[in-house]
Every structure is written in structure tokens, then in C-alpha cells.
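Visitor: using only what follows, build the 3D model:
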Amino acid sequence: MPTPNLDFYLSKSFPGVEYVVATAVFGVIVIKLLGLLSPVEPEPFLDAKNNSKRQKVTLITKESLSHDVIRFRFQLPTPNTPFGLPSGKHIKVFGPNPLSKATVK
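Guide: I've put the predicted structure just below:
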């Protein structure tokens, strides 16, 4: 039996195949758009659940702006991590004591 060529398959009509293909293409487009419109944001560094928990960060720069003002810049876990500090709130910064414990002023 001879093998049918491509024209044989193109001349055949399969009922409903257009709807299946159109639905599949539409579904892929919708899924891609939902993924692009709602990207997953990383967790904020400071969150309301653990606001009293101490977290370690690395000091990147220490810049003296005036005789009584110093700007500290700290590195967060990733460059895309939002800090998460609400407006009007504050943080406490703890550091190691360079003086010995015997010297108390």
C-alpha cells in the first residue's frame, strides 16, 4: 500500500479540531499573561510577625555626614528584597561592644 503524502492529510477535515487548538492557544496566552502581571514578590526583610526578632545583616559602608550624623548602609539577603519598614516606624541597631566587659562607663 502506498504511503499517503502530506496533501492527503491536509485535505482531510477533522470536526472540532479548530476549537481544540484555539482553546489551547488561548489557555497558554492567559497563563503567560497571569504570570507576567502578577510576579511573585520576595518576602520583606522586616515583617509584622517577627518584629521583635533580631536579624543579622552586613555593614557595607559607614559614611560620616557631619560631626554628629553617620550614615550606615547594610546589605539585605538579596538585592530584590524589600526592606519592609512602614512609614513612621523605626528600627533598633545592635552591634558588638568593642570595649571589654570590665570597662563600664
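Visitor: find the nearest non-adjacent residue to Asn80, please.
Guide: Pro42 (5.5 Å; CB to CB, 6 or more residues apart in numbering). C-betas here are computed from N, CA, C, even on glycine.
Visitor: tell me the pLDDT of the one you found.
Guide: If you check Pro42, the pLDDT there is 77.
Visitor: and for it, the neighbour number?
Guide: Pro42 has 12 neighbouring residues, counting by other CB atoms under 10 Å.
Visitor: my guess is it meets Pro82, correct?
Guide: Yes - shown here, Pro42 and Pro82 form a contact pair, counting by CB atoms under 8 Å, at 7.0 Å.
Visitor: so how far is Leu59 from the closest residue to Arg54 other than its chain neighbours?
Guide: Using CB to CB, 6+ apart and skipping residues adjacent in sequence, the residue nearest Arg54 is Phe94, 6.5 Å away. For Phe94, the distance to Leu59 (CB to CB, to the nearest Å) stands at 12 Å.
Visitor: these two: which is more packed in?
Guide: More crowded of Phe94 and Leu59, by other CB under 10 Å: Leu59, with 11 against 7.
Visitor: which stretches of the protein form strands?
Guide: 58-66, 69-75 (DSSP state E).
Visitor: from the ones you listed, which stretch is densest packed?
Guide: strand 69-75 (a mean of 11; mean count of other CB atoms under 10 Å).
Visitor: what does it rub up against?
Guide: Contacts to strand 69-75, defined as CB atoms under 8 Å, 6 or more residues apart in numbering, come from residues 57-65, 93.
Visitor: what of stretch 89-102?
Guide: Against stretch 89-102 from outside (CB under 8 Å, 6+ apart): 46, 54, 72, 85.
Visitor: not counting its neighbours along the chain, what's nearest Glu43?
Guide: Glu43's closest residue in space is Thr81 (CB to CB, 6+ apart), at 7.5 Å.
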